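> only geometry, no sequence info:
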């Protein structure tokens, strides 16, 4: 969501950190570029002005200008102000009270309310262990009710049955009564939207608000509409007590202006962001982590959490046993690739690593992308069971057959085989080095050992590390087994917490 802003701010801070001492003029020139970057990212003008003023007041102080690392100090100040602008960590929903807790979703038509209702239901069911019911109050668009019913089935949650001729207010009352009878923990009400804000829509929303007395009233806004989303949020917050915002389609907006403006304009925290069209594509929003991504400091905490959620405990135990034996065949590599895909693919993982953002284009130019995952999977699936276990069986004719069956070249098969053999050797060494402890050291080496901004060095991956990364990935085809082992291992015991006992 912040790709363009990250690039532009990265160039600004690169110039600052190269200098020794900073003058007030240096800071002002840098802030002019920061201002332009924020405006290009479609951040609201009042928010930009407030942001620049706060940064300047702190950045031109004697403590910063005479600091040993003034450039890093300025980056730390920008990081702190970004967190203030984005809001505090208020992503937790206020639903832990006498049931049913009601969540009212409001917003314009096309903002993704109905899809978000299904995503939120799945999130509450799987992450919070809540019994959830969905109810559609959209009597104007029959397709909305059908869509919610299908989403409810997919999420395996209850959906309030339809009764023709009811008004939104009557549906809300019936949903409340049904929730109490069926011991529902959380009732999600999906209200009707309009293409534009109008009196009838707001009047209806206010009436439903009075009837349901919601624990949370969440505005669903499309991040791709930029400042229009901010104006919509402002209008709603003036008429209804909005408790939070959910930004949808954040994966399609590289500017991020709506996210940066929303909290300041409405006073409401961003609770969640939609990161994909899939039913599980909803993530809690953490301002400090978002600020880290904007400044290319990475988001290792989220990466660890994803790994912990993705890797089942029995799979972790199996991999540890294989590692201790120094074994790693194509079946293991296939599992690692599957885990990598569940964690958001190569691009998703790379975006969370410190300093990697600056190298995204270089990586794309070298075909370091998720298409290679499918290519490697196809090659492995084209092998027989015996070949997957023992690649020594792969003579020239077999490799030609595998290439033909997977739609690849023999050179691609050769490269993958070499990667698997390198990986097996590495696993054997890691077993001697103490297993996952060695894996953790490799992670630190790749990540650059980033410390807190301003307290050390936010070390981006330099040319030497890029070369090391390319070597590790085996040239133009990423060594995804290797990458998955490095990153997926974070969910294993000893690397950031226990893995989830639950299979995804």
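The structure has been received and is ready for your questions. Note that the structure is predicted; figures quoted are calculated from it, not measured.
> list the helices and strands the helix or strand encompassing residue 81 packs on?
For residue 81, the host element (DSSP states H and E) is helix 70-86. On a contact count with 3 or more C-beta pairs under 8 Å, 6 or more residues apart in numbering; DSSP states H and E, helix 70-86 meets helix 3-18, helix 24-40, helix 45-59, helix 62-65, helix 257-266, helix 287-294. For glycine as for every other residue, the C-beta is placed from the backbone atoms N, C-alpha and C.
> can you rerun that using 7 Å?
helix 3-18, helix 45-59, helix 62-65, helix 257-266, helix 287-294 (3 or more C-beta pairs under 7 Å, 6 or more residues apart in numbering; DSSP states H and E).
> which strands and helices sit next to the longest helix along the chain?
Criterion DSSP state H: the longest helix present in the chain is helix 410-433. When contacts are defined as 3+ C-beta pairs under 7 Å, 6+ apart, helix 410-433 packs onto helix 313-325, helix 330-342, helix 371-381, helix 396-406, helix 480-488.
> the second one - what's its average pLDDT?
In other words, helix 330-342. The pLDDT scores in helix 330-342 average 80.
> residue numbering should commence at 18 henceforth.
Yes, from this point I'll number from 18; that puts the last item at helix 347-359.
> measure the closest residue to residue 190 other than its chain neighbours to residue 260 for me?
Closest residue to residue 190 apart from its sequence neighbours, by C-beta to C-beta, 6 or more residues apart in numbering: residue 228 at 6.0 Å. Between residue 228 and residue 260 the distance is 17 Å, computed by C-beta to C-beta, to the nearest Å.
> same question for residue 91.
Noted for residue 91: a distance of 35 Å to residue 260, by C-beta to C-beta.
> before we move on, what about residue 173?
27 Å.
> give the burial count for residue 40, as a bare number.
As a burial measure, residue 40 scores 12 neighbours (other C-beta atoms under 10 Å).
> any idea how far it is from residue 130?
For residue 40, the distance to residue 130 - C-beta to C-beta - is 51 Å.
> now do residue 78
Taking C-beta to C-beta, one finds residue 78 at 46 Å from residue 130.
> same question, residue 437
Counting by C-beta to C-beta - residue 437 and residue 130 are separated by 46 Å.
> what does residue 345 show for phi and psi?
phi -160, psi 100 (degrees, to the nearest 10).
> that one: neighbouring residues, count only.
24.
> repeat that for residue 96.
Residues near residue 96, counting by other C-beta under 10 Å: 20.
> that one and residue 26, how far apart?
Taken as C-beta to C-beta, the span from residue 96 to residue 26 is 10 Å.
> now the common contact residues for these two.
residue 312 (C-beta atoms under 7 Å, 6 or more residues apart in numbering).
> in the stretch 168-317 of the chain, where is pLDDT below threshold?
212-214, 242-246, 268-274, 310, 313-317 (pLDDT under 70).
> can you show me the strands along it?
175-176, 203-207, 233-239, 261-265, 287-291, 299-301 (DSSP state E, counting those that start in this stretch).
> okay, these in TSV with distance to residue 429 next?
Shown next, in TSV, are the strands of the stretch 168-317 of the chain (distance: least, C-beta to C-beta, whole Å):
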stretch	distance to residue 429
strand 175-176	47
strand 203-207	47
strand 233-239	40
strand 261-265	38
strand 287-291	35
strand 299-301	34
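> rebuild the ones you listed as a markdown table, extending it with distance to residue 410 and mean neighbour count.
Converted to a markdown table, the strands of the stretch 168-317 of the chain look like this (distance: least, C-beta to C-beta, whole Å; neighbours: other C-beta atoms under 10 Å):
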| stretch | distance to residue 410 | mean neighbour count |
| --- | --- | --- |
| strand 175-176 | 53 | 20 |
| strand 203-207 | 54 | 28 |
| strand 233-239 | 53 | 25 |
| strand 261-265 | 50 | 27 |
| strand 287-291 | 46 | 24 |
| strand 299-301 | 43 | 20 |
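> out of those strands, flag the one nearest residue 74.
Residue 74 lies closest, by C-beta to C-beta, to one member of these: strand 287-291, at 25.4 Å.
> and residue 176, how far is that from residue 69?
48 Å.
> do residue 55 as well
8 Å.
> ok, residue 78 and residue 130, which is more surrounded?
residue 130 (26 against 14).
> number of nearby residues for the residue nearest to residue 135 when sequence neighbours are not counted?
Nearest non-adjacent residue to residue 135, counting by C-beta to C-beta, 6+ apart: residue 168, 3.0 Å away. Residue 168 has 22 neighbouring residues, counting by other C-beta under 10 Å.
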